[in-house]
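[1] take a look and give me a structure for this.
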Amino acid sequence: MQHPHPRSSTQLTYALLLAAAVFAPDSVGAAVDYLVVPGSASNSIRLAVECSPDWRVAANLVSLPAWVSHANLTCTPGLSGADVQVTFDLDPTAPLGGRGALVVHLEARDRNGLARSGTTRRVPLRLAAIAPGVQNSFDIEQCCIPTAGIEGAGNGRPDRNLLLGAAPNPWRAFTAIRFGLPATTSVSLRVLDVAGRVVWKMRTPELAPGYHEVSWDGRDGSGQRVAPGLYLYELSAGAWLATGKTLRLR
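    Presented below is the predicted three-dimensional model:
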């Protein structure tokens, strides 16, 4: 808990005490990130706030990730504090595996309305690495993934097929292979180990011209996690074939 001003132990007894969010964190980083899904609606975080019965709680939503399309905060007074609830929707084009945070400032005020204690709570969110049936498209304003033939990557539609690389790279939980298409087509992706064995493959439905990504969470065709190490990937569309490398960390 953070307090903006030093206070005595007696005053801290009546400071804000925060409970955990109501939905469970994912199994990876259980004490840190809460897993949410692109396109999901009515996600909810509840903060149980306790303070002196003579004080009242005020809450303010300070900031939220850009991929949260709508958020609403309610603060319901109780006998010795308040229930603060943030409900929010997620943009369906939110980047798979992305991270962000909801930041809420909580303040306890006395009968005269003067602030007596406060804290800022950051609730970290992580977008699911794989969302079945979701194929993200995105504009690249300024591409910063080093790879051969990167010139021509910009807003809108590329003038030729482009492999933009994998990001993050290296990675632990997931990586996304990003590419650009000048015309409507489907794309095949194969991931191979250093011995040339195919460990995972997929084929997209037809994709519109523009920039796209396909995410891989490090599982093979049977759903088992692959070992840490270097992997090769092959991206193809018609006669076009491009390759790259990606490193999974332990």
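[2] please, which helix or strand holds Pro92?
    Under the criterion of DSSP states H and E, Pro92 resides outside all helices and strands.
[3] begin at 18, not 1, for the rest of this chat.
    Sure, I'll start numbering at 18, so the last one becomes Pro109.
[4] SS state for the nearest residue to it once chain neighbours are set aside?
    Leaving aside its chain neighbours, Pro109 sits nearest to Gly56 (3.5 Å; criterion: C-beta to C-beta, 6 or more residues apart in numbering). For the C-beta atoms, the positions are set from N, CA and C on the backbone; glycine is no exception. What DSSP: H, G, I helix; E, B strand; the rest coil gives for Gly56 is coil.
[5] from Leu78, how far off is Gly56?
    21 Å (C-beta to C-beta, to the nearest Å).
[6] tell me the bridge partners for Thr137.
    His122 (DSSP bridges).
[7] just list the residues touching it, thanks.
    19, 79, 120-123 (C-beta atoms under 8 Å, 6 or more residues apart in numbering).
[8] domain ranges for this protein?
    The chain breaks down by automatic domain parsing into domains covering 26-144, 179-265.
[9] so what pLDDT did the residue nearest to Val103 when sequence neighbours are not counted get?
    Among residues not flanking Val103 along the chain, Ile62 sits closest, at 4.7 Å (C-beta to C-beta, 6+ apart). According to the predicted model, the pLDDT of Ile62 comes to 83.
[10] count of neighbours near Ile62?
    Neighbourhood size, Ile62 [other C-beta atoms under 10 Å]: 22.
[11] could you do Leu142 as well?
    24.
[12] who's it bridged to?
    Tyr51, Gly117.
[13] so what's it up against?
    Counting by C-beta under 8 Å, 6+ apart, Leu142 touches 50-53, 82, 116-119.
[14] count of neighbours near Pro77?
    Slight slip there: residue 77 is Asn, not Pro. Asn77, neighbours per other C-beta under 10 Å, totals 13.
[15] how close does the residue nearest to Pro109 get to Ala99?
    31 Å.
[16] neighbour count winner among those two?
    Counting neighbours by other C-beta under 10 Å for Gly56 and for Ala99 shows that Ala99 has the greater number, 24 against 15.
[17] I figured the more buried one hits Leu90, correct?
    No - using C-beta atoms under 8 Å, Ala99 is not in contact with Leu90, being 11.4 Å away.
[18] between these two, which contacts overlap?
    Ala76.
[19] and the contacts of Leu142, which are buried?
    Buried by 16 or more other C-beta atoms under 10 Å: 50-53, 82, 117-119, out of the contacts of Leu142.
[20] okay if I get the contacts of Leu142 as a markdown table plus pLDDT and distance to Thr136?
    Below are the contacts of Leu142 laid out as a markdown table (pLDDT from 0 to 100; distance: C-beta to C-beta, whole Å):
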| residue | pLDDT | distance to Thr136 |
| --- | --- | --- |
| Asp50 | 68 | 20 |
| Tyr51 | 77 | 19 |
| Leu52 | 77 | 24 |
| Val53 | 81 | 23 |
| Pro82 | 92 | 21 |
| Arg116 | 85 | 22 |
| Gly117 | 89 | 20 |
| Ala118 | 88 | 15 |
| Leu119 | 87 | 14 |
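[21] relative to Pro185, which of those residues is nearest.
    Closest to Pro185 out of those is Arg116 (10.6 Å), distances taken as C-beta to C-beta.
[22] how about the contacts made by that closest one?
    So Arg116 contacts 50, 141-144 (C-beta under 8 Å, 6+ apart).
[23] now do Val243
    Contact partners of Val243, counting by C-beta under 8 Å, 6+ apart, are 210, 216-217, 235-237, 265.
[24] farthest-separated two in the residues you listed?
    The most widely separated members of those, counting by C-beta to C-beta, are Asp210 and Arg236 (13.4 Å).
[25] and Arg139, what does it touch?
    Arg139 neighbours (C-beta under 8 Å, 6+ apart): 118-120.
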